[in-house]
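1. Please work out how this folds:
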Amino acid sequence: MADLVLDVTEGLHCAACVKRLETALAGQPGISAVRIDLIARQARLLLSSGGLTTDAVLVRLRKYGFTVRVHRLEAPAEDIRPARVRAVVAAALASAAMAWAMLAPHHPASAWLQVGLALLVLAWPGRGILVRAARSAMRLQGDMDVLVAMGALTACVHGIVGLILGWPHLHAESAAAIIAFTLAGRALESAGRARAGAAVQALLDHQPPQAIRITAAGDQLIEVADLALGDCIRIRPGEAVPADGVVEGGGGEIDEALLSGEPLPVVKRLGDAVSAGSINRLGSLVVRVTACGADTRLSAIAESMRAAAAAKPPVARFADRVAAVFVPIAIALSLATLLGWWWLGGIDGWRTGLVAAIGVLVIACPCALGLATPAAIAVAVGRAARAGILIRDGAVIESLAGVRAAVLDKTGTITTGMPELAEVLCAPGCDRATVLSITAAAERGSEHPVAAAILRAAAGLELPPSEAFAATPGGGIRAVVGGGEVLVGSRTFLVAHGVAVATADPSGPGLVVHASANGRWIGTLRLGDGPRSGAKEAVARLRGLGLRLHLASGDRQVECQRVAAIVGIGDVRGELSPEGKARLVAQLEASGDHVLALGDGINDAPMLARASAGAAVAGGADIAALAGSLVVDARDPLRLAGDAVALARSTMRTIYVNLVFAAAYNLAAIPLAMTGRLDPAWAAAAMAASSLCVVGNSLRLARWKAPRD
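-> Below you'll find the predicted structure:
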């Protein structure tokens with residue numbers, strides 16, 4: 001038994017396509033099981049001996065209209081440029097055809113240009129749709145390609161006949177519009193798949209390509225791929241850790257934001273574990289390798305992102321679900337109309353029946369049905385962008401509208417994401433300005449987040465000159481300020497240098513550092529990461545939308561509980577790894593909840609990829625933005641997340657109204673066309689009017705306003 005994984009590069013677009021692919025493979029000799037992943041565009045086959053060979057499987061699928069290749073781990077990223085070019089060309093030609101139809105309908109060249117532009121759209125950008133639809137039709141299978149092709153071809157044929165017979169209204173531009181909307185949606189799908197692959201690759205890029213291996217002959221620069229378990233490697237200041245391991249010598253401060261999301265580096269000493277992709281900010285480390293290559297924690301996170309993206313359910317498009325039955329019913333009704341009139345009226349009835357049959361096909365043309373979803377989504381995406389919400393995949397709107405739970409990251413999402421000076425305790429004879437100016441001058445040579453926070457707090461103060469800066473990993477810093485020695489660091493660090501700290505550490509949350517000048521304690525500073533302005537109100541609004549809220553963070557549980565109590569979140573999960581956050585989302589979705597995940601860090605990427613709707617905070621880690629299906633402005637991410645849910649729900653209500661109208665239009669108009677009392681030209685006009693109603697209803701979303709308490 002063996003697995004055969006195939007990449008389906010063309011022909012797999014909707015639920016009906018999945019069924020067609022399963023039909024092509026099911027029951028074939030040697031194929032024990034078939035699993036189709038619509039999101040990843042993959043088919044996984046369980047093969048047994050004595051059945052079809054791989055080449056035979058590929059040939060069979062190509063006969064069914066699928067372009068496939070054997071999956072390779074090193075396969076290049078999907079090239080989305082052809083899909084984008086086809087969509088842009090179709091949109092340009094369709095816009096030109098519609099402009100002629102609306103702005104210059106009586107111009108002598110208007111009719112010819114409308115038909116000519118529609119034919120151009122069908123001949124090149126829409127050629128693939130027509131070819132796949134023809135293959136499906138020959139196998140008596142209805143899918144989205146057949147539905148789109150039927151609508152486009154009917155509109156185009158009506159335009160050609162109208163051009164020949166001199167009808168005043170051709171409606172050929174509808175053919176171009178149907179193809180343009182369809183190709184635009186598929187270009188977005190291609191971009192989404194490419195973005196998912198880019199997010200995984202960006203995460204893996206944090207692992208350096210080379211490492212310094214310590215040998216008996218001295219340090220040796222090697223490729224990371226050549227590392228083996230038990231090797232000892234040297235990690236210098238500023239370098240990324242190339243593999244998982246345990247500290248065997250030295251010491252340093254490691255930036256583990258990749259894994260925890262927390263901005264402050266973590267002190268690493270003998271016996272402490274380090275992970276690939278984290279950054280050594282200070283000190284030199286000797287690390288014994290315990291995992292490398294695909295076995296590192298970084299690779300595990302990347303794999304969880306791949307699995308999460310593949311686990312997303314396909315968007316339940318109404319047109320996809322009805323395509324398999326709508327297409328044959330429409331064709332059958334048209335043929336029944338033709339044969340019925342012939343049987344009732346002979347040759348005269350045949351002529352009447354032919355006109356009536358054309359009218360049925362025109363009325364059955366799924367223009368309104370095809371526009372119902374993409375028109376509303378297109379307007380909603382534009383309205384969201386104006387509000388500070390970038391929707392990177394229009395398909396997420398359906399998932400976003402159905403969310404019933406939200407998993408919120410703490411640092412950088414609920415809080416500001418950077419240490420800020422919260423409190424200064426001054427020694428007798430010192431004031432706040434003196435302590436801040438001396439401490440900031442000493443920290444001027446440091447790139448540590450604590451130094452940055454102190455320097456921001458001292459903005460506007462005149463700082464004395466400083467020199468001879470030196471840092472001790474896990475302890476503090478020393479500098480000469482105004483000719484005297486200044487120490488800034490932990491209580492242990494100052495005591496080790498003979499300085500007595502004459503106060504207890506502040507009781508508030510956050511990081512505490514002490515400062516001394518010329519051997520005398522001058523003050524204590526507490527730094528914390530507080531909630532964003534308006535966070536409490538935004539959290540209350542999310543609850544008002546019916547969402548159950550969960551705080552998930554890599555920070556300490558006690559700190560998470562403090563922030564959650566301030567903003568009003570009951571369920572708190574602290575000290576979570578990136579995989580732990582993704583598991584929390586998976587557990588909530590397994591219980592029946594659609595989940596909105598909101599975060600800004602690299603460690604949030606697996607959670608964002610796994611959630612039904614992943615919202616990344618703009619300005620955070622690029623990987624998080626790539627993994628999320630929408631991005632919200634960093635100035636007010638919690639409020640905008642609520643706005644995104646509210647807009648998505650309004651959009652889905654609009655889509656449902658569009659679909660009901662489109663279906664009702666067909667149900668009411670088809671019987672009228674079958675009687676022969678509806679001229680094909682009037683049928684085309686009614687078809688166009690139904691599309692205009694759908695578009696007009698969708699345009700109401702452009703005036704949508706976020707509800708405010």
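
2. was I right about Gln114 contacting Ala175?
-> No. Using C-beta atoms under 8 Å, Gln114 is not in contact with Ala175; the gap is 9.5 Å. No exception for glycine: its C-beta is placed from N, CA and C like everyone else's.

3. Spit out the residues that contact the two alike.
-> Gly159 (C-beta atoms under 8 Å, 6 or more residues apart in numbering).

4. if you skip the residues just before and after it, what's nearest to the residue positioned nearest the centre of the chain?
-> Centrality entry for the chain: nearest residue to the mean C-alpha point is Ser629, 2.3 Å, by C-alpha atoms, centre = their mean. Nearest non-adjacent residue to Ser629, counting by C-beta to C-beta, 6 or more residues apart in numbering: Val396, 4.0 Å away.

5. so what's the residue nearest to the centre of the chain scoring on pLDDT?
-> According to the prediction, Ser629 has pLDDT 79.

6. ditto for Ser437
-> The model's pLDDT for Ser437 equals 93.

7. What sits closest to it if chain neighbours are left out?
-> With C-beta to C-beta, 6+ apart, the residue lying closest to Ser437 is Leu461, at 4.7 Å.

8. Just list the residues touching the one you found, thanks.
-> Here Leu461 is in contact with Ala433, Leu436, Ser437, Ala440 (C-beta under 8 Å, 6+ apart).

9. Output those in CSV; the columns should cover secondary structure and distance to Ser334.
-> What follows is these, written out as CSV (DSSP: H, G, I helix; E, B strand; the rest coil; distance: C-beta to C-beta, whole Å):
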residue, secondary structure, distance to Ser334
Ala433, helix, 86
Leu436, helix, 83
Ser437, helix, 86
Ala440, helix, 81
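
10. if we take these, which one ends up nearest to Met150?
-> Checking these against Met150 by C-beta to C-beta gives Ala440 as the nearest, at 71.8 Å.

11. and the gap between that closest one and Gly489?
-> 15 Å (C-beta to C-beta, to the nearest Å).

12. How about Ala243?
-> 31 Å.

13. and those two? which has more neighbours close in?
-> Ala243 (29 against 22; other C-beta atoms under 10 Å).

14. wait, doesn't that one sit right on Ile222?
-> No. Ala243 is beyond contact range of Ile222, at 11.4 Å (criterion: C-beta under 8 Å).

15. which residues are in contact with both of these two?
-> Ala211.

16. how about the strands in the stretch 351-500 of the chain?
-> For the stretch 351-500 of the chain, the strands defined by DSSP state E, counting those that start in this stretch cover 389-391, 403-409, 420-426, 466-472, 476-481, 484-489.

17. And for Leu701, the neighbour number?
-> 23.

18. That one belongs to a strand?
-> No. In this structure, Leu701 is helix, not part of a strand, as judged by DSSP: H, G, I helix; E, B strand; the rest coil.

19. separation between it and Ala648?
-> From Leu701 to Ala648 the distance is 11 Å (C-beta to C-beta).

20. Overlap in contacts, these two.
-> Ala380.

21. Pretty sure the residue nearest to Ser629 sits against Leu630.
-> Yes. In this structure Val396 lies within contact range of Leu630 using C-beta under 8 Å: 6.2 Å.

22. For the stretch 1-150 of the chain, give me the ranges with low pLDDT.
-> The model of the stretch 1-150 of the chain has pLDDT under 70 over residues 1-3, 13-17, 37-40, 49-51, 71-80, 141-144, 147-148.

23. CA atoms only: put stretch 436-445 into CSV for me.
-> The C-alpha coordinates for stretch 436-445 follow below in CSV (Å, rounded to 0.1, in the frame of the first residue of the first chain):
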residue,chain,number,x,y,z
LEU,A,436,15.1,58.9,34.3
SER,A,437,17.8,61.0,32.8
ILE,A,438,20.7,59.1,34.4
THR,A,439,19.1,55.7,33.6
ALA,A,440,18.3,56.6,30.0
ALA,A,441,21.8,58.0,29.4
ALA,A,442,23.2,54.7,30.6
GLU,A,443,20.8,52.6,28.4
ARG,A,444,21.5,54.7,25.3
GLY,A,445,24.0,52.1,24.0
